[in-house]
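Undergrad: structure of the sequence below:
(one chain, ligands or ions: 2)
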Amino acid sequence: MRSYTLTAPAKINLYLEIIGDRPDGYHELVMILQSIDLADTIEVQAGNTGAIRLCCTHPQVPLDKSNIGYRAAELMAAKFPAAYDNYGGVDITIHKRIPVAAGLAGGSTNAAAVLVGMNLLWNLGLTRSELEELGALLGSDVPFCIGGGTAIATGRGEQLSPLPGLDNMYIVLAKHRSLEVSTPWAYKTYRAAYGETYLKDTESLTARATAVHSGPMVQAIVHKNAREIGQKLHNDLEQVVLPEYPQVLRLREVFANAGVLGTMMSGSGPSVFGLCEYEEIAKQVQVRVIEAMANEDLELFVTRTISHGIQIGSSV
Ligand SMILES: C[C@@](CO)(OP(=O)(O)O)[C@H](O)COP(=O)(O)OP(=O)(O)OC[C@H]1O[C@@H](n2ccc(N)nc2=O)[C@H](O)[C@@H]1O
Ligand SMILES: Nc1ncnc2c1ncn2[C@@H]1O[C@H](COP(=O)(O)OP(=O)(O)O)[C@@H](O)[C@H]1O
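TA: Ligands and ions are numbered 1, 2, ... in the order given. Okay, the predicted model is just below:
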């Protein structure tokens with residue numbers, strides 16, 4: 001096989017709690033991550049140039065080494081130099097549909113797809129957990145994006161425990177097209193404002209936090225209780241992003257009054273989602289958001305939860 005086409009879904013955060021500082025400068029987290037049916041398409045082909053080449057026509061996506069998909073290919077080349085030489089490098093094409101810098105893990109899921117695609121292309125036989133380990137070297141959300149579905153993510157977000165899949169809950173998703181929120185800024189600002197309230201006992205931190213704080217959300221997911229899930233949505237980063245970005249706050253308010261089961265900013269924002277049990281309701285919510293935000297340039301989607309991550313579409 002000389003070419004693979006992969007589907008790379010976005011994620012939303014149903015739950016994001018910041019527990020404390022880590023010695024590596026990151027934050028200790030408890031998150032519940034959920035894949036959604038909004039995806040980029042990634043083509044991975046054996047190259048003829050002996051180099052890594054990346055193509056994407058989206059104006060906000062970099063084409064150099066700052067592209068995390070490019071860095072995923074570099075990592076594979078460094079780990080498997082013989083395969084890199086044998087197959088003549090690699091050509092990567094990204095068809096971008098996921099809004100960029102939105103808190104939807106668009107870059108992370110592209111990197112996950114490149115790892116999965118190159119594993120196939122180069123016949124490496126790496127297991128999912130080996131791919132996740134490589135993914136963690138690229139970014140905290142990359143390991144989740146490989147398998148996707150519904151999972152608790154702890155540590156800096158790379159340690160995963162699967163939860164029962166949540167299929168077919170409807171998600172209305174909106175983002176101001178030209179608005180970006182920097183993830184490092186969001187965490188740094190949170191630390192400056194709330195760092196003193198962190199739990200200090202880092203040893204038992206994750207276990208305690210999972211049991212105490214995110215427990216009701218986990219229960220709601222296990223019982224597939226959409227109403228409860230809607231009520232238990234949580235994201236600590238809202239506390240710093242909403243006061244700084246009035247457009248995001250406004251979007252949150254519009255969603256809250258649009259008939260959803262619950263609404264929350266995803267990740268470090270600025271995208272906001274609303275949760276609905278039925279597709280007809282989700283479409284009504286979409287209309288209400290359009291009407292209330294008529295003067296704003298929004299990227300707006302009705303999508304649904306899915307129980308998988310990277311999927312192999314076709315191979316040639
Ligand atoms: C906020 C979240 C929620 O899912 O997602 P996004 O909004 O980016 O989608 C994640 O925590 C982001 O994950 P990801 O974007 O993979 O993060 P990384 O590349 O590893 O880190 C980017 C930066 O975020 C901060 N960071 C990230 C993760 C973490 N546990 N603690 C941190 O402090 C650090 O400043 C780091 O330099
Ligand atoms: N493959 C990629 N897709 C999207 N953005 C990328 C990619 N590689 C690097 N970036 C850069 O990463 C930043 C974060 O984008 P993205 O991964 O979409 O958002 P988030 O981290 O909020 O989920 C953007 O500023 C973008 O320029």
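Undergrad: any idea how far Ser268 is from Leu104?
TA: 10 Å (C-beta to C-beta, to the nearest Å). No exception for glycine: its C-beta is placed from N, CA and C like everyone else's.
Undergrad: wait, Ala102 sits on Val272?
TA: No - counting by C-beta atoms under 8 Å, Ala102 stays clear of Val272, with 9.8 Å between them.
Undergrad: the two: which has the busier surroundings?
TA: Val272 (31 against 25; other C-beta atoms under 10 Å).
Undergrad: chain center to whichever strand or helix holds Ala153, what's the gap?
TA: Taking DSSP states H and E as the criterion, Ala153 maps to strand 150-154. Remark: strand 150-154 is offset 12 Å from the chain centroid, using C-alpha atoms, centre = their mean, to the nearest Å.
Undergrad: contacts for it, please.
TA: Residues outside strand 150-154 that contact it (C-beta atoms under 8 Å, 6 or more residues apart in numbering): 14, 28-35, 141, 144, 159-166, 206, 209-210, 214, 218, 221, 305, 307.
Undergrad: hang on, the earlier thing: could you tell me which residues touch both of Ala102 and Val272?
TA: 175, 266.
Undergrad: drop anything exposed from the contacts of strand 150-154.
TA: 14, 28-35, 141, 144, 159-160, 163, 165-166, 206, 209-210, 214, 218, 221, 305, 307 (16 or more other C-beta atoms under 10 Å).
Undergrad: just the ones of these in strands?
TA: 14, 28-35, 159-160 (DSSP state E).
Undergrad: phi, psi of the closest residue to Ser182 other than its chain neighbours?
TA: Excluding the flanking residues, the one nearest Ser182 by C-beta to C-beta, 6 or more residues apart in numbering is Ser268, at 7.5 Å. Backbone torsions for Ser268, taken as degrees, to the nearest 10, come to phi -90, psi 10.
Undergrad: and Met76, by the same measure?
TA: Torsion angles, degrees, to the nearest 10, at Met76: phi -60, psi -40.
Undergrad: could you do Gly274 as well?
TA: Note on Gly274: backbone dihedrals following degrees, to the nearest 10 are phi -120, psi 140.
Undergrad: neighbours around it, how many?
TA: Gly274, neighbours per other C-beta under 10 Å, totals 30.
Undergrad: my read: it touches Leu251, true?
TA: No - counting by C-beta under 8 Å, Gly274 stays clear of Leu251, with 9.7 Å between them.
Undergrad: give the intersection of the neighbour lists for the two.
TA: Counting by C-beta under 8 Å, 6+ apart, the contacts common to Gly274 and Leu251 are Val289.
Undergrad: mind checking which helix or strand whichever residue of the stretch 201-316 of the chain sits closest to ligand 1 is in?
TA: Using C-beta to the nearest ligand atom, the closest approach of the stretch 201-316 of the chain to ligand 1 is made by Gly267 at 2.4 Å. Under the criterion of DSSP H and E, Gly267 resides outside all helices and strands.
Undergrad: pLDDT at it, what is it?
TA: If you check Gly267, the pLDDT there is 98.
Undergrad: run a quick neighbour tally on it.
TA: 26.
Undergrad: ok, now which ones touch it?
TA: By C-beta under 8 Å, 6+ apart, the neighbours of Gly267 are 11-13, 16, 102-105, 141, 183, 235, 237.
Undergrad: inside helices: which ones of the residues you listed?
TA: Thr183 (DSSP state H).
Undergrad: out of the contacts of Gly267, which touch ligand 2?
TA: 102-105, 183 (C-beta under 6 Å from any ligand atom).
Undergrad: right, and the pair among these with maximum separation?
TA: Farthest pair in those (C-beta to C-beta) is Leu104 and Thr183. Separation: 11.7 Å.
Undergrad: between those two, who's got more neighbours?
TA: Comparing Leu104 with Thr183 by other C-beta under 10 Å, the one with more neighbours is Leu104, at 26 against 17.
Undergrad: what's the closest non-adjacent residue to that one?
TA: Nearest to Leu104 is Ala10, by C-beta to C-beta, 6+ apart, at 4.0 Å.
Undergrad: which residues sit in contact with the residue nearest to the spatial centre of the chain?
TA: Nearest to the mean C-alpha position of the chain, counting by C-alpha atoms, centre = their mean, stands Ala105 at 3.0 Å. For Ala105, the contacting residues are 10-11, 98, 141, 144-145, 267, by C-beta under 8 Å, 6+ apart.
Undergrad: and it, its phi and psi?
TA: phi 60, psi 30.
Undergrad: pLDDT wise, what is it at?
TA: Ala105 is given a pLDDT of 98.
Undergrad: again, but for Asn48
TA: What the model reports as pLDDT for Asn48 is 78.
Undergrad: one step back: can you lay out the ones in strands among the buried ones among the contacts of strand 150-154 as CSV showing pLDDT and distance to ligand 2?
TA: Compiled in CSV, those are given as follows (pLDDT from 0 to 100; distance: C-beta to the nearest ligand atom, whole Å):
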residue, pLDDT, distance to ligand 2
Leu14, 98, 15
Glu28, 90, 19
Leu29, 93, 14
Val30, 92, 18
Met31, 96, 13
Ile32, 97, 16
Leu33, 98, 11
Gln34, 98, 14
Ser35, 98, 13
Gln159, 96, 19
Leu160, 97, 17
